[in-house]
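*Asks:* pasting a predicted model and its sequence here:
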Amino acid sequence: MVPLSYYLILAAILFVIGVAGFLFKRNIVTIFMSVELMLNAVNLTFVSLSYSLRQLDGQIFVFFVMVVAAAEATIGLAIIITVFRNRESLNVDRIDLMKL
Amino acid sequence: MYQALFFLFAASAVGFAINLLIQRHPIHSALSLIGVMGSLASLYLMLGAEFLAVVQVIVYAGAVMVLFVFVIMLLNADKEEPSDRSKMAKYLGLPLLFLLLAMITVVIYRQFPEDAMVQFGDFPGQTAAIGRLLFRDFLLPFEVISILILIAIIGAIVLAKKEP
């Protein structure tokens, strides 16, 4: 048996690591992966609270979050491919202007 | 037993996440992220969410991460070079992150005192109930999200298409 707060704190730790990746990484693909990590941490919170409240709505919500994350990954990676084709770089420090 | 399994998967999730942070090559980060997702799938299983555990492995660790690895290899991404652009993130980022973690932890301890325990088998997997909920109460969001997926497919093709 494990207290529910352990699950929530684990999710908080994962979320903070995702924020750290978002802040410190310079590769645009890795930054995108940090966003996915944050989404996963929030999903863990949803599932553990769904367990705690004995309600399935939280799991349904996680399902929708997963679908939206899949769509977001598709679009985001397509944008990354387009950006790379125009700038020949994946470093976010070099992609800080809208014009070429 | 349950406690040991929880700490095993929690430690592996945090370890893989930190490995994602410290690896310099994106493909190593992607493999670490797959590890995080696998550990999270096991934790979902322990919380009685079997359907979500399987979806996590198939959709996240499978489809989404294959897309990531595919793009990394397609773009031939190499090690990221360290930059000195964001001084603020470098020096102010870490203390603020610990502050954020401390605040979340305090709120969780205030909201959820120790008496709420999680036990395996207390809330057994209800895949049939999820399906019933999804196709009855949440039918409209379900249909809307299928349109979202369609738009995402079309958008990805339009964006990634080579311009003439």
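*Replies:* Done, it's in.

*Asks:* how many neighbours does residue B:96 have?
*Replies:* By other CB atoms under 10 Å in any protein chain shown, 12 other residues sit near residue B:96. Bear in mind the C-beta positions are built from the backbone N, C-alpha and C, glycine included.

*Asks:* for residue A:3, same thing?
*Replies:* Neighbours of residue A:3 (other CB under 10 Å): 16.

*Asks:* from residue B:93, how far out is it?
*Replies:* 30 Å (CB to CB, to the nearest Å).

*Asks:* so, low pLDDT: which residues of the chain?
*Replies:* All of this is about chain A. For chain A, no stretch is flagged by pLDDT under 70.

*Asks:* ah, no, chain B please
*Replies:* Ranges of chain B meeting pLDDT under 70: B:82-86, B:114-115, B:121, B:125, B:164.

*Asks:* what sits closest to the most centrally placed residue in it if chain neighbours are left out?
*Replies:* Chain B has residue B:37 as the residue nearest its centroid, 5.8 Å off, counting by CA atoms, centre = their mean. Of all residues not flanking residue B:37 in the chain, residue B:61 sits nearest, at 4.3 Å (CB to CB, 6 or more residues apart in numbering or on different chains).

*Asks:* that neighbour is in contact with residue B:36, isn't it?
*Replies:* No - using CB atoms under 8 Å as the test, residue B:61 is too far from residue B:36 to be in contact (9.0 Å).

*Asks:* the more surrounded of these two?
*Replies:* More neighbours surround residue B:36 than the other of residue B:61 and residue B:36, with 28 against 18 (other CB under 10 Å).

*Asks:* quick one: buried residues of the host helix or strand of the more buried one?
*Replies:* Element membership for residue B:36 (DSSP states H and E) is helix B:26-46. Residues B:26, B:29-46 are the ones in helix B:26-46 that count as buried (16 or more other CB atoms under 10 Å in any protein chain shown).

*Asks:* what sits against the closest residue to residue B:71 other than its chain neighbours?
*Replies:* Closest residue in space to residue B:71, ignoring its immediate chain neighbours: residue A:77 at 4.7 Å, by CB to CB, 6+ apart. Residues near residue A:77 by CB atoms under 8 Å, 6 or more residues apart in numbering or on different chains: A:32, B:67, B:68, B:71, B:156.

*Asks:* tell me the most packed of these, by neighbour count.
*Replies:* Top of these by neighbour count (other CB under 10 Å): residue B:68, with 25 neighbours.

*Asks:* please enumerate the strands of chain B.
*Replies:* Counting by DSSP state E, one finds strands in chain B at the ranges B:117-118.

*Asks:* in chain B, where's the longest helix?
*Replies:* For chain B, the longest helix by residue count, based on DSSP state H, is helix B:87-111.
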